[in-house]
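# Structure for the following, please:
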Amino acid sequence: MDWRHPHFIPDAEHPLWKRGECDFSQRNLNIYQKYLYDTVEQLMTDYGKIDILFFDYTSKYKDSSEWNPAPLLEMIYSLQPEIMVNDRLSFDKKSFQGDYLTPEISVPNAPLKLNGVPQLWETCMTMNQNWGYFHDDSNYKTLNSILTGLMNCISKNGNLLLNIGPDEKGLIPEKSKDVMSKLAKWFAYHKEAVHETQMSEYQAPDGYFYTKKDDNLYLYLSVQPIGDIILPQLNGKIEKAELMRTGDEVEQVTYWGYELLAPDEIRIRPSGCIATDVIKIKLSH
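Reported below is the predicted structural model:
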């Protein structure tokens, strides 16, 4: 969408429409479509290999026919055969689904599907309350909030797209830098729990999240445990567990408290753990 273009057709979300203008019969949609196609073609040809094309956004008052996406996509894929295109050429996700779905400022309660078919997806989220720079918005999310969102997404086979809004001078705000610095320090110990991981077939304890890679489970602690953590489905399946931040081994408690556990449950006792910690669990063969 380009609301400033003289041949873009406004709808009820457009500022002109909200000011009472609703006759746009003099505008030529074909001219706008050519402008759109030419602009996208330039992006696809002048900047080397492009991994992702993120269209943003389609109003609920429009349908994808206004963009005529079929020839547009044919051109995109011919110029960038390995590109991924998001789902926002249509509002209803029916006429056009894209290569992956983009839920916004929320994490789905389950892996996303369309017509019963699992989909690639990515939650789009802001560091504070706005996408662009807003001087008075100091309500930045905590490190734990962002990491919990990230690990929650991965635990459902999704990804997290985290937005930074540069200020009016094109600079990254200091509070955004602070968030990124904290994330970098966390990743120094825990990137293995994020990169190339996916959803686990095992059920994580309430309030926590699993990611998985090969024979390893990564248990993200969104809160500091009040005591032992009871892991369902893993009794007799753990070869070793360790706290990734410290490298300390996490004890499996098999000598006490087992009489109240379900047969498939096992207690672990992480010493000195805090919220945002990750416990790496090596599963036995």
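# domain ranges for this protein?
The chain breaks down into these domains under automatic domain parsing: 15-193, 209-283.
# so how far is the shortest one off the chain centroid?
Centroid displacement of domain 209-283 relative to its chain, using Cα atoms, centre = their mean, to the nearest Å, is 25 Å.
# re the thing from before, mind putting the domains of the chain in CSV, distance to Asp2, mean neighbour count and mean pLDDT included?
Just so you know, the C-beta spots here come from the backbone N, C-alpha and C atoms, and that holds for glycine as well. Formatted as CSV, the domains of the chain follow (distance: least, Cβ to Cβ, whole Å; neighbours: other Cβ atoms under 10 Å; pLDDT from 0 to 100):
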stretch, distance to Asp2, mean neighbour count, mean pLDDT
domain 15-193, 7, 15, 93
domain 209-283, 39, 16, 94
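# For those, could you give me TSV that also reports distance to Ile9?
Output for those, formatted as TSV (distance: least, Cβ to Cβ, whole Å):
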stretch	distance to Ile9
domain 15-193	6
domain 209-283	44
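# Nearest to Pro6, out of these?
Smallest distance to Pro6 across the domains of the chain (Cβ to Cβ): 7.1 Å, for domain 15-193.
# Give me the distance from the closest one to the chain's centre.
Its chain's average C-alpha position is 10 Å from that of domain 15-193, according to Cα atoms, centre = their mean.
# Quote the end-to-end distance of that domain.
Separation of the first and last residues of domain 15-193 by Cα to Cα, to the nearest Å is 45 Å.
# Tell me how far Lys34 lies from Glu66.
Taking Cβ to Cβ, to the nearest Å as the measure, Lys34 falls 13 Å from Glu66.
# Please read the previous query as pertaining to Phe96.
12 Å.
# Burial check on Asp2, number of neighbours?
Asp2: 11 surrounding residues under other Cβ atoms under 10 Å.
# can you give me the strands for the protein?
Assigned by DSSP state E, the strands in the chain fall at 52-53, 84-85, 113-114, 117-118, 121-126, 158-163, 209-213, 216-220, 229-231, 238-243, 251-253, 266-269, 278-283.
# Dump the ones you listed into a markdown table; add distance to Lys185 as well.
Output for these, formatted as a markdown table (distance: least, Cβ to Cβ, whole Å):
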| stretch | distance to Lys185 |
| --- | --- |
| strand 52-53 | 27 |
| strand 84-85 | 30 |
| strand 113-114 | 36 |
| strand 117-118 | 34 |
| strand 121-126 | 20 |
| strand 158-163 | 16 |
| strand 209-213 | 19 |
| strand 216-220 | 16 |
| strand 229-231 | 24 |
| strand 238-243 | 16 |
| strand 251-253 | 26 |
| strand 266-269 | 25 |
| strand 278-283 | 13 |
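# Which among those is found nearest to Tyr189?
So among the strands of the chain, strand 278-283 is nearest, using Cβ to Cβ, at 7.9 Å.
# Partner strands of the closest one, with direction?
strand 216-220 (antiparallel), strand 238-243 (antiparallel) (DSSP bridges).
# Export those strands as a markdown table, with columns for distance to Trp131.
Putting the strands paired with strand 278-283 into a markdown table (distance: least, Cβ to Cβ, whole Å) gives the following:
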| stretch | distance to Trp131 |
| --- | --- |
| strand 216-220 | 26 |
| strand 238-243 | 36 |
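# Out of the ones you listed, which gets nearest to Asp11?
Of all the strands paired with strand 278-283, strand 216-220 sits nearest to Asp11, with 41.6 Å by Cβ to Cβ.
# mind saving the C-alpha coords of that closest one as PDB?
Extracted C-alpha coordinates of strand 216-220, given in PDB (Å, rounded to 0.1, in the frame of the first residue of the first chain):
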ATOM      1  CA  ASN A 216      18.400 -32.400  23.200                       C
ATOM      2  CA  LEU A 217      15.500 -30.700  24.800                       C
ATOM      3  CA  TYR A 218      15.900 -27.000  26.000                       C
ATOM      4  CA  LEU A 219      13.700 -26.100  28.900                       C
ATOM      5  CA  TYR A 220      13.100 -22.300  29.100                       C
END
